[in-house]
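# here is the input, now give the coordinates:
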Amino acid sequence: MPNGAQILINGLVDGGVRVCFANPGTSEMHFVAALDEAPGLRPVLCLFEGVATGAADGYGRMTGRPACTLLHLGPGLAGGLANLHNARRAATPLVNVVGDHALHHKRLDAPLESDIGALARTVSAWTRRTYYATELAGDVAAAVAAAAGPPGAVATLVVPADVSWSRTAEPPATARPAPERRGLVSVDAVTGAAAALRSGEDTALLLGGAAARGAGLAAAGRIAGATGAKLLCETFPARLERGAGRPAVERLAYLGASAARQLAGVRHLVLAGAASPVTFFAYPGQRGSLPPEGCTVHTLAAGPEDVTAALEGLAEVVGPGAKSARQEAVRPALPTGELTAESAAAVIGALLPQNAVVVDEANTSGLWLPGATAGAPPHDWLTLTGGAMGQGLPLAVGAGVACPDRPVLALVGDGASMYTLQALWTQAREGLDVTTVVFDNGSYAILNLELGAVGAAAGGARAHRLLDLSGPSLDFVALARGMGVPAERAATAAEFATLLKRGLAEPGPFLISCAVPPLA
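Purely as a prediction, here's the structure:
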């Protein structure tokens, strides 16, 4: 007779889950033991829960299928919440398995007792606690189906220890999630968007989700080619396919003033898998909504609706047979001299290999990256969807596990990398082909920008001490080597180019500490 942990793992594998990113504890030991009899589920140990949840997010974005996590009770779930928030914002399919105390032990209020369900509901579209091993097979199938969507979502299944160790004579159900079925497209939404595009007024198409890749992106390119509409995508897309030969898509800027300039004069904004854009924060004297006054916002498809079908239908209406404007193949020349965020972006644009997966949490140091890499060979770009820092390195772990035949380039800021630096250890242990570039400017540079943007006083020494990362300075070469990842430091543009070539050519992980000055 199988125990609950075996039923759980078999159900995950039957549902198409192939990887478990784990940081387990006592309540999950029967799951750990059952892995020896489950070759279909690859366990990947992460040294912090935020690495496990971020890695599961990266895996789901690149495969379109859920990975699972294995977390320990409420505090373990709490450790992974920030990257579960990012996964929720990315609509990533993810099955979040959280162990709990045995039912008879919960009434004793042991030190790790907490309200797991309350924590899970803050980031989960679906949450369930299993009370009996006989119910577990059905609950696992429901969790996988909820995660798969559409759209993708975080599904949290809470499994008490006594459910894991209990054996049942009832054979587990072999239940697979139903095939993905996108919601129907509204004919009125398509005709309304077509009328806006034909109005003769300035129109922009804002892409998100599936519209930023594959057939959806191709259809959007045809629409832009037929109508002259401006092609934009969300500031932080979950996954954007870009590069030479693909439709040229401009990311909406993070800074509100810059985004407002991009949208200036637009009279019709058509949303395809994206929400109407807003500033990330409130600023004194500024509007939070980014579409300009007098702009009409049209929703073509949202949520579970089939945005790809909607875009393909719209393309047939406004320009049957139209060709998409394609991004030209053009690269910056390799720079020499001082290493700055701008020259580093030029190096990356000059050397980015075909079919790379780029994970971008470079923040202020990444301002020049979109322009420098637009004409590089075709590649995928993953971003910080929910704004919760510490996503870049774990996301690269998940992408590396999902795509072992593709080079992964993680571009991270120094402050952001310290949230989840333990991901480097997992990169080393799993032998992942991830090249990490840490932009080391010795500060939380984004907060220096925000200090002025929100109208706060300039700030004196005590205020700036909370934004400064020196005294002592962080030694990313030593930190990486201490976790088994080869690393070097670049102080000039030429040194950075040499090291990036090496990192991209050699198998396995490699880290480059990129010494750049902060923005003035």
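
# does Pro93 touch Arg61 like I think?
No. With contact defined as Cβ atoms under 8 Å, Pro93 does not reach Arg61; the gap is 9.1 Å. Glycine gets a C-beta too; all of them are placed from N, C-alpha and C.

# what is the neighbour count of Gly79?
Gly79 has 18 neighbouring residues, counting by other Cβ atoms under 10 Å.

# oh, and call the first residue 50 from now on, that's how I've got it
All right, first residue 50 from here; so that's Gly128.

# from Gly435, how far off is it?
Using Cβ to Cβ, to the nearest Å, one gets 16 Å for the distance from Gly128 to Gly435.

# show me the domain layout of the chain.
The chain resolves into domains spanning 53-214, 236-367, 390-564 when parsed by automatic domain parsing.

# as TSV, those with distance to Leu383 would be great.
Converted to TSV, the domains of the chain look like this (distance: least, Cβ to Cβ, whole Å):
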stretch	distance to Leu383
domain 53-214	29
domain 236-367	18
domain 390-564	5
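
# right, and those - which one's nearest Pro384?
Within the domains of the chain, the stretch nearest Pro384 is domain 390-564; the backing value is 4.3 Å (Cβ to Cβ).

# so how far does that closest one reach from one end to the other?
In domain 390-564, first residue to last residue: 9 Å (Cα to Cα, to the nearest Å).

# one more: stretch 277-286?
23 Å.

# contact partners of that stretch?
138, 246, 251-257, 260-261, 269-270, 272-273, 289, 296-303, 308, 311, 315, 319, 323, 326, 329, 430, 432-436 (Cβ atoms under 8 Å, 6 or more residues apart in numbering).

# how does it look with 6 Å?
With contact meaning Cβ atoms under 6 Å, 6 or more residues apart in numbering, stretch 277-286 is reached by 246, 252-257, 261, 273, 289, 298-301, 303, 323, 432-434.

# whichever of those residues end up buried, select them in ChimeraX.
The ChimeraX selection below is limited to those of the contacts of stretch 277-286 classed as buried (16 or more other Cβ atoms under 10 Å):
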select :246,252,253,254,255,256,257,261,273,289,298,300,301,303,323,432,433,434
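
# show me the contacts of stretch 277-286 that map onto strands.
Counting by DSSP state E, the contacts of stretch 277-286 place 252-256, 289, 299-300, 432 in strands.

# from what I see, Val526 and Ala536 are in contact.
Yes. Using Cβ atoms under 6 Å, Val526 is in contact with Ala536, at 4.4 Å.

# so what's the backbone phi/psi at Asn72?
Main-chain dihedrals, Asn72, degrees, to the nearest 10: phi -140, psi 80.

# tell me how many other residues crowd Lys279.
Neighbour number of Lys279 under other Cβ under 10 Å is 18.

# and for Gly148?
Neighbour count of Gly148, defined by other Cβ under 10 Å: 26.

# report the beta-bridge partners for it.
His121, Val208 (DSSP bridges).

# touching, it and Glu77? I think so.
Yes. Counting by Cβ under 6 Å, Gly148 touches Glu77, with 4.1 Å between them.

# neighbour count winner among Val526 and Ala536?
Ala536 (23 against 18).

# helix or strand next in line after the helix or strand of the chain with the lowest mean pLDDT, which one?
Sorting the helices and strands of the chain by mean pLDDT, DSSP states H and E puts helix 494-502 at the bottom, at a mean of 67. For helix 494-502, the following helix or strand on the C-terminal side (DSSP states H and E) is helix 510-514.

# which helices and strands does whichever helix or strand comes after that following helix pack with?
The helix or strand immediately downstream of helix 510-514 is helix 525-531, counting by DSSP H and E. Packing partners of helix 525-531 (3 or more Cβ pairs under 6 Å, 6 or more residues apart in numbering; DSSP states H and E): strand 536-539, strand 559-564.

# okay, Thr357: pLDDT?
Thr357 is assigned 95 on the pLDDT scale.

# what does the one helix or strand it maps to rub up against?
According to DSSP H and E, Thr357 maps onto helix 356-367. The contact list for helix 356-367, computed with Cβ under 6 Å, 6+ apart, reads 234, 239, 242-243, 246, 259-260, 264-265, 268-269, 271-272, 275-276, 321-322, 349-350.

# what's the closest of the ones in strands among the contacts of stretch 277-286 to Ser215?
Using Cβ to Cβ, Thr432 comes nearest to Ser215 of the ones in strands among the contacts of stretch 277-286, at 42.9 Å.

# contacts only, for Leu383.
399, 546.

# Three-state assignment for it, please.
What DSSP: H, G, I helix; E, B strand; the rest coil gives for Leu383 is coil.

# cool, Leu470 as well?
coil.

# what is the burial count for it?
Leu470: 22 surrounding residues under other Cβ under 10 Å.

# which residue comes closest to Pro381 once chain neighbours are left out?
Counting by Cβ to Cβ, 6 or more residues apart in numbering, Ala395 is the residue found nearest to Pro381 once chain neighbours are left out, at 4.2 Å.

# need phi/psi at Arg380.
Torsion angles, degrees, to the nearest 10, at Arg380: phi -130, psi 150.

# which pLDDT value belongs to it?
For Arg380, pLDDT reads 97.

# that one contacts Ala399, doesn't it?
Yes. Contact criterion Cβ under 6 Å: Arg380 and Ala399 qualify, at 5.1 Å.

# quick one, helices of the stretch 50-199 of the chain?
53-63, 78-83, 98-112, 122-128, 130-139, 152-155, 165-170, 182-197 (DSSP state H, counting those that start in this stretch).

# run through the helices of the stretch 200-349 of the chain in chain order.
Going by DSSP H, counting those that start in this stretch, the stretch 200-349 of the chain shows helices at 210-214, 236-246, 263-276, 305-312.

# and these as TSV, adding distance to Ala83 and mean pLDDT?
Output for the helices of the stretch 200-349 of the chain, formatted as TSV (distance: least, Cβ to Cβ, whole Å; pLDDT from 0 to 100):
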stretch	distance to Ala83	mean pLDDT
helix 210-214	8	95
helix 236-246	47	95
helix 263-276	36	96
helix 305-312	49	92
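
# got a markdown table for the ones you listed, with distance to Leu560 too?
Output for the helices of the stretch 200-349 of the chain, formatted as a markdown table (distance: least, Cβ to Cβ, whole Å):
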| stretch | distance to Leu560 |
| --- | --- |
| helix 210-214 | 38 |
| helix 236-246 | 45 |
| helix 263-276 | 32 |
| helix 305-312 | 31 |
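
# among these, which is nearest Ile561?
helix 305-312 (28.2 Å).

# please compute how far that closest one lies from its chain's middle.
24 Å (Cα atoms, centre = their mean, to the nearest Å).

# ok, now stretch 537-544?
Distance, centroid of stretch 537-544 to centroid of chain: 28 Å (Cα atoms, centre = their mean).

# can you check stretch 356-364 too?
Centre to centre, stretch against its chain (Cα atoms, centre = their mean), the figure for stretch 356-364 is 24 Å.

# stretch 538-553 now?
On the basis of Cα atoms, centre = their mean, stretch 538-553 sits 26 Å off its chain's mean C-alpha point.

# now stretch 445-464
Distance of stretch 445-464 from its chain centroid, counting by Cα atoms, centre = their mean, is 11 Å.

# run through who's touching it.
With Cβ under 6 Å, 6+ apart, stretch 445-464 has contacts from 68, 104, 107-108, 111-112, 402, 404-412, 414, 441, 472, 475-476, 481-489, 493, 553.

# go through that stretch and flag the buried ones.
Across stretch 445-464, burial judged by 16+ other Cβ under 10 Å covers 445-452, 455-464.

# repeat for stretch 87-100
Buried residues in stretch 87-100, counted by 16+ other Cβ under 10 Å: 87, 90, 92-100.
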